[in-house]
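[1] Generate a structure from the sequence data that follows.
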Amino acid sequence: MNLFDMDGAFYRIGTVLADIFLLSLLWIIFSIPLLTIGASTTAVYYVCTKKAAGSDSYILKGFLKSFKDNLLISTAVFAILIVIGIIIWVNYRALGEVEMGFLHFPVRVALVIVTIQMVFVSMYVFPIISRFNVTVKNALKFALQLSNLHLLSSLSNVVLFVAVCAVTMWIPALFIFIPGVFAYFSAGLFVKIFRKHNPDF
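    Model prediction:
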């Protein structure tokens, strides 16, 4: 088989890189208003999970469809996560400034646990919204449940995210690939999880 054939390795790798670049570019452009970051993330996962599930959809068409269909719920969830994040940050600041005596350690441990759960939910909630018809409440609830039921996958996602960010800090020019790379490779994990709970996915 010729490496440069349509079924060759170079063609397949080039196609994946082109998909990742386009997805990242779309994410960056549609996230410019900042409040639409949630909708952009949902749209990227809509495309990536469909590809991971074996349904090769058009990237631009799929992205725009998901962005429009899930704009309200994704924006609402993103706003809630931002508020929770601010509350956590304020509590960390207060913990460093207020003398709490013997309560200092248990409160810090509780904050760390809440922060970890916040990270897990943030990673799961947008893939869930991208492929399931859920309410804001159920999206957050399912994200919390699935992330803890599949702890190894959740930790793998965190490691992948940290690795991608570390590489980008080393080579800043790769920033434009971050959204697409992370979503593209984490989508496979989410598809496996979704199929465990919904065989028809």
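
[2] So for stretch 31-47, mean pLDDT?
    Average pLDDT, stretch 31-47: 96.

[3] Give the buried residues for it.
    31, 36-47 (16 or more other CB atoms under 10 Å). Where C-beta positions appear, they are placed from N, C-alpha and C, glycine not excepted.

[4] Can you lay out the residues you listed as a markdown table showing distance to residue 119?
    As requested, these are exported to a markdown table (distance: CB to CB, whole Å):
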| residue | distance to residue 119 |
| --- | --- |
| 31 | 19 |
| 36 | 21 |
| 37 | 16 |
| 38 | 15 |
| 39 | 20 |
| 40 | 19 |
| 41 | 14 |
| 42 | 18 |
| 43 | 21 |
| 44 | 18 |
| 45 | 16 |
| 46 | 22 |
| 47 | 23 |
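
[5] So for stretch 102-114, what gets flagged as buried?
    residue 111.

[6] quick one: the helix or strand residue 80 falls within to chain centroid distance?
    Per DSSP states H and E: residue 80 is located in helix 71-97. Distance of helix 71-97 from its chain centroid, counting by CA atoms, centre = their mean, to the nearest Å, is 17 Å.

[7] Give the other helices and strands that that helix contacts.
    Using 3 or more CB pairs under 8 Å, 6 or more residues apart in numbering; DSSP states H and E, the elements in contact with helix 71-97 are helix 37-52, helix 104-131, helix 136-149.

[8] Would you mind getting the angle between the longest one and helix 37-52?
    For helix 104-131 and helix 37-52, the angle between their directions (axes from the mean of the first three to the mean of the last three CA atoms, to 10 degrees) works out to 60 degrees.

[9] Taking their axis directions, helix 104-131 and helix 71-97 sit at what angle?
    Counting by the same axes, to 10 degrees, helix 104-131 points 170 degrees away from the direction of helix 71-97.

[10] Enumerate the positions of the helix holding residue 80 that are buried.
    Residues of helix 71-97 classed as buried: 71, 73-75, 77-78, 80-81, 84, 91 (neighbour count, 16+ other CB under 10 Å).
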